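Student: take this sequence and fold it.
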Amino acid sequence: MKTQNVSSGSRSKRFPYWLRQSVRDNEGFTRTRELISKLGLNTVCQAARCPNIHGCFSVKRCTFLILGKICTRSCRFCAVEKNRLELKAPDKEELLKIKEAVEKLGIENVVITSVTRDDLADKGASHFADCVDILKSIGKGLKIETLVPDFLGDKRSIKKVVSARPDVFSHNLETVPRLYGKVRPEADYNRSLEVLRYAKELDRDITTKSGIMAGLGEFREEIRSVMNDLRKADCDIITIGQYLKPDAGCLDAEEFLEPAEFDKFSEWAKEAGFKKYYCGPFVRSSYTEGIWQS
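Tutor: Next up, the predicted model:
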């Protein structure tokens, strides 16, 4: 067992004790990593250098990254590769391999996300829908969450994914509106809210979910304001976690919030009326316990 600072890219601030964790490679971790490598699949766990990768892989859980591994945007919090010159057309074989991985790993709750593909006519929405359809063929009560980009606000693209009927439709706001220019300059706060609002309008029964990061320089009341905006969009679930710099080229964390502050966020989320809320230093939008329980 070894103890590590969870984000090797963060050097400007000393990590507090609550952001240090012990990691250990075990049979589950090794099997998950090797299967993903053998099938040539991408995961956001690896591409975004998630601090929870050991815990997730150890219990044979991961978040699959579709539409290749190259993103068309340059969000400054994210370590996913950006290079428009190497973009590839969507590959249905990728989806069949994900189905194989889900079956071999015995995954019961799967999260599918993607790089942003603004270069595609439907921004990759049909690939998401095809993925849901393929995974549904597994049966056996598999729960499917789609964590989608904003599709540039294209309602036809949103409808394609919602019509495939995933169990959870997720889209992350990531940060407060004041920081969009700094954190995700090619995105738009109101457009992202509209993605969630429109998904719920299309299907009142679908569960909608969003997540934000804390520690990027936001004020506490701005976080509360984002919660209220999400509830106005009828968003059901919120996640809030500590931003940790994943790569040297990414933004530095402005502060490391103490665990008690995340407890306060949970209180606010309850007051706002979210059906479920997950707030904590290591919470990530695709790393939450209990989402599938009633």
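Student: next, the buried residues of the longest strand seen in the chain.
Tutor: Across the chain, the strand with the greatest residue count (assigned by DSSP state E) is strand 207-214. For strand 207-214, the neighbour count (16 or more other CB atoms under 10 Å) marks T207, T208, K209, S210, G211, I212, M213, A214 as buried. The C-beta positions use only the backbone N, C-alpha and C, and glycine is treated the same way.
Student: tell me the bridge partners for the first one.
Tutor: Looking back up the chat, that one is T207. Beta-bridge partners for T207, by DSSP bridges, are V168.
Student: tell me who's in contact with it.
Tutor: D167, V168, F169, D236, I237, K275 (CB atoms under 8 Å, 6 or more residues apart in numbering).
Student: could you do L193 as well?
Tutor: L173, D229, L230, A233.
Student: cool, K82 as well?
Tutor: Contacts of K82 by CB under 8 Å, 6+ apart are I70, C71, T72, R73, S74.
Student: pretty sure H54 sits in a strand.
Tutor: No - H54: not assigned to a strand; according to DSSP: H, G, I helix; E, B strand; the rest coil it is helix.
Student: distance of it relative to N26?
Tutor: When distance is defined by CB to CB, to the nearest Å, H54 is 9 Å away from N26.
Student: S126 too?
Tutor: 38 Å.
Student: ditto for I238
Tutor: Where N26 is concerned, I238 sits at a distance of 32 Å (CB to CB).
Student: more neighbours, these two?
Tutor: I238 (28 against 12; other CB atoms under 10 Å).
Student: is it true that S163 touches A129?
Tutor: Yes - using CB atoms under 8 Å, S163 is in contact with A129, at 6.9 Å.
Student: show the pLDDT at the closest residue in space to R197 that isn't next to it in sequence.
Tutor: The shortest distance from R197 to any non-neighbouring residue, by CB to CB, 6 or more residues apart in numbering, is to A233 (4.0 Å). pLDDT for A233: 98.
Student: ok, now which ones touch A233?
Tutor: L193, E194, L196, R197, K200, T208.
Student: count of residues packed around R31?
Tutor: 15.
Student: actually E86, sorry about that
Tutor: 10.
Student: for the one 5 residues further on, same thing?
Tutor: The local packing of D91 (other CB under 10 Å) involves 14 other residues.
Student: from R76, how far off is the residue lying closest to C75 once chain neighbours are set aside?
Tutor: Residue nearest to C75 in three dimensions, not counting chain neighbours: R184, with 4.3 Å by CB to CB, 6+ apart. As for R184, its distance to R76 is 7 Å (criterion: CB to CB).
Student: one more: T113?
Tutor: 19 Å.
Student: cool, and R31?
Tutor: Applying CB to CB to R31 and R76 gives a distance of 34 Å.
Student: now do P166
Tutor: 29 Å.
Student: same check on L39?
Tutor: L39 is 31 Å from R76, by CB to CB.
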